[in-house]
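Student: give me the fold of what follows.
(one chain, ligands or ions: 1)
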Amino acid sequence: MPQTTFSSISQNTVTQWFPEPVKGDNESAFLQAACKHLIITTLSRKFRRMKRTIETVRHNYDEERAGRTWSDFEDYVFMTSSPRDFILWDGKVRLGSFAEVRAFLLRYLSGQISAVVQPGDTIIEIGSGDGRNLAWLKRMFPLLRCIGLDLSPTSVEVSRKMARQFKTEIEFHAADATQSLQHLPRSAVVFSSHALEQMPDIFTNAVDNMLMLADRRGIFLEPVQELCPWGIRGILSRYRAIHMNRLRGLYRYVRQRGVRILEARALMHAVNPLNETCAIIVDVNGSRSAASPEGCRSNCELPVCM
Ligand SMILES: C[S@@+](CC[C@H](N)C(=O)[O-])C[C@H]1O[C@@H](n2cnc3c(N)ncnc32)[C@H](O)[C@@H]1O
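Tutor: Residues are numbered from 1 along each chain as shown. Okay, here's the model as predicted:
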């Protein structure tokens, strides 16, 4: 039996991404562990693709979020209490905090929104989860009307509860984003963040709805395989998306819709290094772009690094 030395124990990194600790704390150790994990899970599922339907997704998020609460706003929005783990930062996998990535992504999102909104405008998040993105945006832009919709009634309950607790006036509705959303108001910005990835076979309906509701910008912050860089991480990410039945074809579909794409790129940052957040920014009416109005922004600044 090989002896377990102190140094071999200290090199193991416990991570939420794989059931076993990673033997090391750098990018190559992470990628090796990812490779092993994908091979094992592929073989154990006998090559069957994971089922992902409206019912399974609703059930999973209802179960995951039942009874969830946060007493601290920063923790709710940025996940400050999550332990250090592997993250994607500037295109490299390294150990870091999820809060760093959350702050980066929210800074990007609020920058895109602030470029086109005016006081009194409405913004909508499709698949708003526990409401944390809108909670932050409402603090940043108190004069915007914020609406979130999510498939999971439990998530909507949690979001409403958090909105009351943190005194952020946000409307949350339980709804399937792939069905008719005619009852919602047309809005300056309609965005999604890692929500379309949960509806790989029907996301086109949600995209149509988002473009129908948006007056100025459609913002998709999703893992878009077509935009991810190649290399070992890119190949593993693409394989993972197929294996887990995640989103594919979003960029192609948005292009087919004939709207003006202002930006489409991988953001090189992600909470999960194999699920890189990409941005597709769409100018829906093709012209109107109001200057960022004074009075719409609060003095609130996003934390640069937490
Ligand atoms: C990974 S979570 C992301 C939550 C949130 N956007 C965020 O960034 O924290 C995905 C969310 O999309 C929601 N979702 C999945 N399919 C949906 C659908 N068809 N209509 C509305 N929401 C949906 C899920 O219920 C879940 O809350």
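
Student: residue of the stretch 201-306 of the chain with the smallest distance to the ligand?
Tutor: Ala206 (6.3 Å; CB to the nearest ligand atom). For the C-beta atoms, the positions are set from N, CA and C on the backbone; glycine is no exception.

Student: the residue nearest to that residue when sequence neighbours are not counted - how many residues pack around it?
Tutor: Ranked by CB to CB, 6 or more residues apart in numbering and with sequence neighbours excluded, the top spatial neighbour of Ala206 is Ala177, at 4.2 Å. Ala177 has 25 neighbours, counted by other CB atoms under 10 Å.

Student: may I have the secondary structure class of Ala177?
Tutor: Assigned by DSSP: H, G, I helix; E, B strand; the rest coil, the conformation of Ala177 is coil.

Student: how close does it sit to Thr42?
Tutor: Distance check for Ala177 against Thr42: by CB to CB, to the nearest Å, it reads 30 Å.

Student: same question for Arg132.
Tutor: From Arg132 across to Thr42, the span is 32 Å (CB to CB).

Student: which element is the residue nearest to Pro19 when sequence neighbours are not counted on?
Tutor: Counting by CB to CB, 6+ apart, His37 is the residue found nearest to Pro19 once chain neighbours are left out, at 7.8 Å. Using DSSP states H and E, His37 maps to helix 27-44.

Student: which residues touch that helix?
Tutor: 13, 15, 17-20, 22-24, 86, 92-94, 232-233, 236, 239-240, 243, 273-274 (CB atoms under 8 Å, 6 or more residues apart in numbering).

Student: quick check: which ranges of the protein have low pLDDT?
Tutor: Applying pLDDT under 70 to the chain flags residues 1-10, 45-50, 286-306.

Student: for Arg132 and Thr42, indicate the residue with more neighbours.
Tutor: Using other CB under 10 Å as the criterion, Arg132 and Thr42 rank with Arg132 on top: 23 against 14.

Student: surely the more buried one and Phe73 touch.
Tutor: No. Arg132 is beyond contact range of Phe73, at 9.5 Å (criterion: CB atoms under 8 Å).

Student: can I assume Ala103 is in contact with Met79?
Tutor: No. Using CB under 8 Å, Ala103 makes no contact with Met79, being 10.1 Å away.

Student: mind listing what the residue in the chain that the ligand sits nearest to touches?
Tutor: In the chain, the residue that lies nearest the ligand is Gly129 (2.5 Å; CB to the nearest ligand atom). By CB under 8 Å, 6+ apart, Gly129 lies in contact with Tyr61, Arg65, Asp150, Ser155, Ser159, Ala195.

Student: now do the SS call for it.
Tutor: coil.

Student: same question, Leu262
Tutor: Using three-state DSSP, the structure places Leu262 in strand.

Student: okay, and the beta partners of the residue lying closest to it once chain neighbours are set aside?
Tutor: What sits nearest to Leu262 in space, not counting adjacent residues and going by CB to CB, 6+ apart, is Ile281, at 4.5 Å. Ile281 forms beta bridges with Ile219, Glu263, as assigned by DSSP bridges.

Student: give me the number of residues near Ile281?
Tutor: Using other CB under 10 Å, Ile281 has 21 other residues around it.

Student: show me the contacts for it.
Tutor: Applying CB under 8 Å, 6+ apart, one finds that Ile281 lies in contact with Gln112, Arg217, Gly218, Ile219, Phe220, Ile261, Leu262, Glu263, Ala264.

Student: please apply the same query to Asn26.
Tutor: Contacts here follow CB under 8 Å, 6+ apart; on that basis Asn26 touches Val93, Arg94.

Student: which bits of the stretch 151-300 of the chain sit near the ligand?
Tutor: By CB under 6 Å from any ligand atom, the part of the stretch 151-300 of the chain that sits against the ligand consists of Leu151, Ser152, Ser155, Asp176, Ala177, Thr178, Ser193, His194, Ala195, Gln198, Met199.
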